[in-house]
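A.B. asks: following is a predicted model, sequence given first.
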Amino acid sequence: MTGHVPSLGLPVLVALIALGYEWRSLRVAGWSPWRGVAFQTGAAVLIVGLALPVHDFTGHASQHLLVAMVAPLGLVLGAPVTLLLRTLPVRTARRLTRLLRSRPARALAHPVTALVLTTGGLVALYLTPLYARMLTDPALHQVVTIHFVLSGFLFAWVVAGADPAPHRPSVPARLVLLGVAIAAHATLSQLLYAGAYVQVPATAADRQAGADLMYYGGDVAELLLAFAVVQSRAATRKVTGRMHRPAVPAR
């Protein structure tokens with residue numbers, strides 16, 4: 001099996017984005033330090049995942065778990081879009097807001113779109129010759145990696161992001177959406193383990209080890225995502241309760 005030596009371009013880009021986030025957060029009075037911790041943790045995990053050498057299917061599964069499932073959760077909990085809008089010049093922030101509210105952006109941010117991009121990408125990768133082609137084409141490998149980073153970020157943002165989303169459904173609906181993703185991910189992991197219908201040129205032991213990592217590691221990542229969704233609901237109820245709390249009359 002042909003492996004890939006990681007390029008430094010993407011890790012360096014992520015490091016620069018993390019530095020930019022830190023610089024902007026220092027310009028906003030009262031910006032939550034927990035947001036910063038979440039974002040920087042996600043960025044660190046993403047850098048590690050992108051810099052990980054991929055010499056076999058288990059290495060590929062490890063990279064996918066880090067860059068497409070674990071890192072995006074930390075990034076979206078950091079509310080990067082809100083931070084950007086609060087630190088941009090007013091005119092630029094308004095233009096960005098109009099762009100985010102445009103029809104193409106709203107279509108891209110739809111929960112179904114996010115689900116199809118993240119799960120459909122896995123189906124296309126493993127149930128077609130795409131994975132085998134990626135092994136011998138470094139440029140294609142980079143494109144596939146970027147796709148999974150962006151689709152993972154989009155899905156995590158729609159489901160549990162701290163930034164507003166145009167089509168974000170209710171908490172129960174988001175948990176159902178997450179359940180569909182979990183079921184699809186588990187089914188694909190089982191197919192990989194059994195070697196059924198998949199086109200992954202790897203030894204049985206390597207393929208099964210990678211499938212186990214995707215199955216159990218994916219469960220942990222998705223449980224963390226579900227926890228973030230539930231916590232967001234609790235935080236919303238707390239804020240709503242404060243807003244509707246009757247004022248105490250002055251004596």
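C.D. replies: In hand now; what should we look at?

A.B. asks: OK, contacts around Val70?
C.D. replies: 42, 45, 49, 221, 224 (C-beta atoms under 8 Å, 6 or more residues apart in numbering). Where you see a C-beta, it was placed from the backbone N, CA and C, and this is true even at glycine.

A.B. asks: now it: how far from Tyr197?
C.D. replies: As judged by C-beta to C-beta, to the nearest Å, Val70 and Tyr197 stand 27 Å apart.

A.B. asks: in the host helix or strand of Gly121, which residues are buried?
C.D. replies: Using DSSP states H and E, Gly121 maps to helix 111-126. Neighbour-count burial for helix 111-126 flags 111, 113-115, 117-119, 121-123, 125-126 (criterion: 16 or more other C-beta atoms under 10 Å).

A.B. asks: how about CSV for the residues you listed, with distance to Leu192 and pLDDT added?
C.D. replies: Shown next, in CSV, are the buried residues of helix 111-126 (distance: C-beta to C-beta, whole Å; pLDDT from 0 to 100):
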residue, distance to Leu192, pLDDT
Pro111, 26, 89
Thr113, 25, 93
Ala114, 23, 92
Leu115, 20, 93
Leu117, 20, 94
Thr118, 16, 94
Thr119, 14, 94
Gly121, 15, 94
Leu122, 10, 95
Val123, 11, 95
Leu125, 11, 95
Tyr126, 6, 96
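
A.B. asks: specify which member of those is nearest to Asp163.
C.D. replies: In terms of C-beta to C-beta, no member of those lies closer to Asp163 than Ala114, at 13.7 Å.

A.B. asks: right, and the closest one touches Phe153 too?
C.D. replies: No. Using C-beta atoms under 8 Å, Ala114 is not in contact with Phe153; the gap is 9.5 Å.

A.B. asks: before we move on, back to that, helices or strands next to the helix holding Gly121 in the packing?
C.D. replies: On a contact count with 3 or more C-beta pairs under 8 Å, 6 or more residues apart in numbering; DSSP states H and E, helix 111-126 meets helix 130-135, helix 138-160, helix 171-194.
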